[in-house]
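Peer 1: Just to be clear, the model below is a prediction. Sequence and coordinates:
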Amino acid sequence: MVNVDSLQNYKNLFFYPGHVSYICVNQSNLSHMKSIKVRFNLGAGKNFMKWKIERPNGEISYHAPEDVQLVMTGCVLKNQKSTSLKIFQGANKTVCSWILCDEVEIIDHVGLTTMNDLERVSYNPRVTPNWMFRGSVADGMRFGKLVSLGNKVYNK
């Protein structure tokens with residue numbers, strides 16, 4: 001048995017109490033873990049204007065925003081700055097932003113409530129080449145939970 005107190009000084013190690021024991025997570029290795037990639041698909045075809053979810057195992061699914069709500073946890077806003085700047089300057093749109101998250105829950109659209117527009121997280125490279133939140137650039141920003149409502153995303 002490991003004495004947890006003797007390991008507390010090790011860098012990048014965090015301990016989470018369980019029912020009987022602790023789970024030890026070496027955070028220096030977390031950057032190598034795969035994340036779920038979520039973006040709004042604007043590519044022509046049958047999945048135009050749908051949420052695209054790419055899982056680490058390669059599975060891809062598409063979801064109509066009027067049919068579902070996405071609840072994303074452990075999120076980071078990603079932006080390819082050079083591509084988004086070209087779009088901002090008039091180039092054709094191409095994939096340049098997405099949300100990386102640890103988990104995605106897909107909920108049937110029934111019973112959804114409205115969201116506070118002040119908590120909206122937005123991205124439109126024609127307007128500004130960055131993710132925006134509360135009037136500030138939010139590229140790389142982390143959120144505990146993001147929720148979709150239609151084709152929009154909100155901090156929850």
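Peer 2: Happy to help now that I have it.

Peer 1: Domain-wise, how is the protein divided?
Peer 2: 1-33, 34-155 (automatic domain parsing).

Peer 1: ranking these by burial, who's on top?
Peer 2: domain 34-155 (a mean of 15; mean count of other Cβ atoms under 10 Å). Heads up, the C-betas are built off the backbone N, CA and C, glycines and all.

Peer 1: so residue 99 touches residue 76, yeah?
Peer 2: Yes: proximity of residue 99 to residue 76 meets the contact threshold set by Cβ atoms under 8 Å, at 7.2 Å.

Peer 1: what kind of secondary structure is residue 85 in?
Peer 2: Of the three states, residue 85 takes helix according to DSSP: H, G, I helix; E, B strand; the rest coil.

Peer 1: And for the longest strand along the chain, what's in contact with it?
Peer 2: Counting by DSSP state E, the longest strand found in the chain is strand 68-79. Contacts to strand 68-79, defined as Cβ atoms under 8 Å, 6 or more residues apart in numbering, come from residues 35-36, 38, 51, 53, 63, 96-109, 112, 121, 123, 129-131, 138-149, 156.

Peer 1: one more time with 7 Å, if that's ok
Peer 2: Strand 68-79 is contacted from outside by 38, 51, 96-109, 112, 121, 130-131, 138-149, using Cβ atoms under 7 Å, 6 or more residues apart in numbering.
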